Structures are given as structure tokens and as C-alpha cells.
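>>> Whatever this is, show me its structure:
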Amino acid sequence: MSKANIVIIGGGVIGLVTALRMLDSNQEVTLIDYQEPGSGTSYGNAGTIAEYAVLPVGSPSILKNLPSLLLNKNSPIAINRSEIFTLAPWLIRFLYQSSSKKAVKNAKAITDLLVDCRQRWELLVKEINANSTLKSNGCLYFYNKKSSFEAGKKDMTKRKMLGLNVEMLTPLELQKLEPNLDMIEGGASFFPDGAYLNDPGKVMKLLFQSVVKKGCTVINKAADKIERSSEGVKVYLNDNSQITAKHVVISAGAYSKKFAKQAGDYVPLETERGYHIEYDMSEPLLNRPSCSVEKGFYMSPMTGRLRVAGTVEFGGLDQTISKHRIDHLKRGVSEFFPDLGDPNRSWLGFRPSIPDSRPVISESSKGNDIIYAFGHGHIGLTLAPITAEIVESIITKSKPPVEISQYSVKRF
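Below you'll find the model as predicted:
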């Protein structure tokens, strides 16, 4: 049995950035992940540093349209019908959090975390020599129909009330920004302060290299169980070995729920199955990530390729790719770029989803020997730096960058 100061379970972007921050503070860190760190959902996202993603998934408008959204397999939000009974307790909580009063409270909590997220990423990419991957020329939501644009204006009014910088664009103004898009009838919302990574996979590799270079111990095995003992928190691995730590950080994304339960805390976490397809190309078709509001996916210009990412499918941790979700993305992107042909590759990943859209970033109910850092939904990449700051403050018992009680596991 080996011993460690800080053990981090989960090597996605949250775990990697947390490891980097703790190493920078001269802490001894061990990172556990059965996959290559950074190769999962942190690699497969749309790449956006989404300071504009201030609204929770649950809202009165979602509540109104939820039955049709969930039962239509081609909608932006869908459910694996075989999982509906398993999902029922989570869905009830989600409906409760979708009321006007709850949605406003949740939006404020998310906004507090998103403040200065781009600036934090600017510092991070500089530290890991990834400056060239961060692009700061904004992001777009575009509307195929005028009616959607009018609904979008109401949505953007809510965001502006939370301090967001957003510009409403006419179809002509949109075409000047994105000349390869055919004239979009509804126009767009433009977030000039938005940023994105044009190669999330490369950034994850550079993050991983940085933590290894700074002395992080990496264990490429699966953690099966955690257990408190008089010596510290024991982490049992799938080869029957174990490691005992003073602090254990749970940043295992969609796989975190079982560890919280072992620590004595219930977390209503369910899994969103997210997809992307990619088209290789030498020159980008777009200048920035552009989201089709009606279709529910992003088209993001990546290095050497266009990534089409998004949609939500509630369906557990089944590794089987749903063909109809891939087909939905293919049909959708072909409406804007009909000459693309078949994608060069497709991908499935798992997002951890909490009913109130707020991540769990807190010490466990029994103390800071176990710390939670998961449940970020669609904005894990965006929130990695501030999450790492909060985790450090919990471990060191110092002042956090924001008020963190609203992200506590005790809220459940």
C-alpha cells in the first residue's frame, strides 16, 4: 500500500487543471485514470470557452416543451426510452429546477463561476505553451427563422441582465462575419467576448505533459472504491492495489456519482451522451464556433477539420453510438454546407448532468479529506480553471474566488 498527499480521481480537464494548480503550489499529486488523461469528453467537445453560457438547461421554456423534446428522437434533447424509469427521479428534480424562480437562482450561480473565464484560460494556455490554440474572436448563436430570432432576443435580454456582452445581428451582418454561411433568415446573437480552443485534444496533451513535467504521479488504472480510515482516505484500484491519501479529489465526470455515494453523499447526477462528427479540410469554413439554435449543435472550426458537436441524449454510460444521433448531425450540417459529403470520423462522450445545472464543487459532507469537482455539464472546459482554484481553497482552507456554498453537495 502506497501513500500520497493529494489523489485526484479522473484525468479530464478538471482533474488535469486541478493537478497543475496544486503542483504549482508545491503539493504532491497523484492522478488516477484508466484512460490516457484528457482523452475523453474533454477532448471531444465544441472547444468553446463559453462565458455566455449563463443560463441553466432547465427553464420555463424547456418545461413547456419537454414532452415533445424528450419523445422526439431527432430533437436537440432526447431520451433513451429504455432508461426512462431509471431517469425518472432525476427528471422530477429537473422539472422542479425549471421553474422561473429556480432558473433565475441557478443562472446567478452559474454566472458567478463564469466571470473572467477567458482571462483564466489566457493564463493557463500561456503556462502550458498552448497560446496558439486559444482564439478570441467571439462565438455565434444563429437563428434559421425570424420567429426564432425574436425568441432569441428574449433569451439574450436575460443574459444581458446577468452582465453578458451580446450583440444582435441582422442576416446581412451575420453574413459579413461568416461569408461561407448562406443567408440565414433570422440573424444571430454574437458574443464578442467568447473564445475557443481550435484543438482541444492538443491542449489536453499539453496539459498532461505539463503536470507530468512538474512531478505528478500518474496511475493508469481504474479506481473502484474509496473508503475513509484512520490513516486517511483509501483508494482501491482495479488490480487490488490501494493508495492512501490525505485528500482525495473526485473529478471523474459522469463516473463520479458512485464515489460520492461511497463517501456518504447522494448526488442526483445522470449522464448526457454527447456526440461529434468531423470533416477534414485544409481551410476552415467558419471563423468561429457557430451554434444553430434550432438544431442544437455547434459547428466549430478546428485545426484541419470542422467539428460538428452537440445535442443531448439522456441514456446512461452505454458505449454504443446511436446512429440516429449521428444522422441528425449529418443532416443538420448538410443544410448549411451541402457539399461536405460523409464525415471522416464520429465520436461519443459522456457529460455529467445535475438537475440545477450547477456543478458540485465542495468538500464532502464529512470534511475536506474528500473534495468534489464534477457535474459541470456542457461547460466543464470553460470552468476548469476556476474549479481548480476552488478545490485549492478547500484543501488549504483559504478564501475561495467566489462564494461556494451554492455549489455544495449539501444542497441535495
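>>> Show me where the stretch 1-150 of the chain has its helices.
13-24, 41-44, 60-71, 84-97, 100-114, 117-127, 146-161 (DSSP state H, counting those that start in this stretch).
>>> ok, now which ones touch residue 9?
Residue 9 makes contacts with 15, 32, 33, 223, 226, 235, 248, 249, 250, 251, 252, 259, as judged by Cβ atoms under 8 Å, 6 or more residues apart in numbering. C-beta: built from backbone N, CA, C; applies to glycine.
>>> From residue 25, how far off is it?
19 Å (Cβ to Cβ, to the nearest Å).
>>> How about residue 375?
On the measure of Cβ to Cβ, residue 375 and residue 25 end up 24 Å apart.
>>> who's more crowded, the two?
Shown here are residue 375 and residue 25; by other Cβ atoms under 10 Å, residue 375 has more neighbours (28 against 12).
>>> hang on, the more buried one packs against residue 351?
No: at 9.4 Å, residue 375 does not count as touching residue 351 under the criterion of Cβ atoms under 8 Å.
>>> burial count for residue 75?
For residue 75, the count of nearby residues is 18 (other Cβ under 10 Å).
>>> Repeat that for residue 87.
Residue 87, neighbours per other Cβ under 10 Å, totals 19.
>>> Which pLDDT value belongs to it?
If you check residue 87, the pLDDT there is 86.
>>> Now flag whichever of the contacts of residue 9 is closest to residue 122.
residue 15 (21.1 Å; Cβ to Cβ).
>>> Now do the contacts for the closest one.
8, 9, 31, 33, 37, 249, 251, 252, 373.
>>> Quick check: buried residues in whichever strand or helix holds the last one?
Right, residue 373. Per DSSP states H and E, residue 373 falls inside strand 367-374. Under the neighbour-count criterion of 16 or more other Cβ atoms under 10 Å, strand 367-374 has 368, 369, 370, 371, 372, 373, 374 buried.
>>> any idea how far residue 299 is from residue 286?
Distance from residue 286 to residue 299, by Cβ to Cβ: 6 Å.
>>> Which one's more surrounded, the two?
Per other Cβ under 10 Å, whichever of residue 286 and residue 299 has more neighbours is residue 299, with 28 against 19.
>>> To what extent is residue 177 buried, counted in neighbours?
Neighbour tally, residue 177, other Cβ under 10 Å: 18.
>>> so it touches residue 171, yeah?
No: using Cβ under 8 Å, residue 177 is not in contact with residue 171; the gap is 11.0 Å.
>>> surely residue 347 meets residue 44?
Yes: here residue 347 reaches residue 44: they are 4.9 Å apart, a contact under Cβ under 8 Å.
>>> any common contacting residues for those two?
residue 276.
>>> next structured bit after the host helix or strand of residue 328?
Using DSSP H and E, residue 328 sits in helix 323-336. Note on helix 323-336: by DSSP H and E, the next helix or strand toward the C-terminus is strand 345-353.
>>> quick one: the strands in the stretch 101-250 of the chain?
Along the stretch 101-250 of the chain, counting by DSSP state E, counting those that start in this stretch, strands occupy 134-135, 139-143, 167-169, 187-191, 195-197, 217-219, 223-229, 232-237, 242-250.
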